[in-house]
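Asks: pasting the structure only:
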């Protein structure tokens, strides 16, 4: 078993749907209805078949224990274990798409942060971590 994103919306109907971490095994995943399986797989831009294979790799492959503490996206692990170049390329493309989405969000946040910092502290530069002091203009 290992940690994977999961929506608890149907487990707790009164709670708003949120993505949380939970430990799930391949047998637990297979017990979920198809819609829930699709939802979990789609978080990583995968289909059910690929996500099941990822779960199997994490539980049954010789490297599953090694991958578990690396915090890698499922598409990376699937790519490492691809059966041929075509399959590897499929997971490379998914990894690039997922990484682009993540980076776009991080960069948008950084731009908003920088803009707001200048508004709140117009006469200061952000803290320099090497000096741990605020540098004035």
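Replies: Received the coordinates, thanks. Predicted model only: the values in this text are computed from it and were never measured.
Asks: for the chain, which spans come out with low pLDDT?
Replies: Per-residue confidence for the chain (pLDDT under 70) gives these ranges: 1-23, 127-137.
Asks: and the helices in it?
Replies: Shown for the chain, the helices assigned by DSSP state H span residues 26-31, 34-43, 48-60, 64-68, 74-80, 85-120.
Asks: deepest in the core, which of the ones you listed is it.
Replies: Mean neighbour counts were taken over those using mean count of other C-beta atoms under 10 Å, and the top value, a mean of 21, falls to helix 74-80. Placement of C-beta: from N, CA and C, glycine included.
Asks: can I get the helices of the chain in CSV with distance to residue 126?
Replies: Below are these laid out as CSV (distance: least, C-beta to C-beta, whole Å):
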stretch, distance to residue 126
helix 26-31, 43
helix 34-43, 33
helix 48-60, 39
helix 64-68, 36
helix 74-80, 32
helix 85-120, 6
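Asks: my read is that residue 41 contacts residue 53, right?
Replies: No - in terms of C-beta atoms under 8 Å, residue 41 does not count as a neighbour of residue 53; the distance is 10.6 Å.
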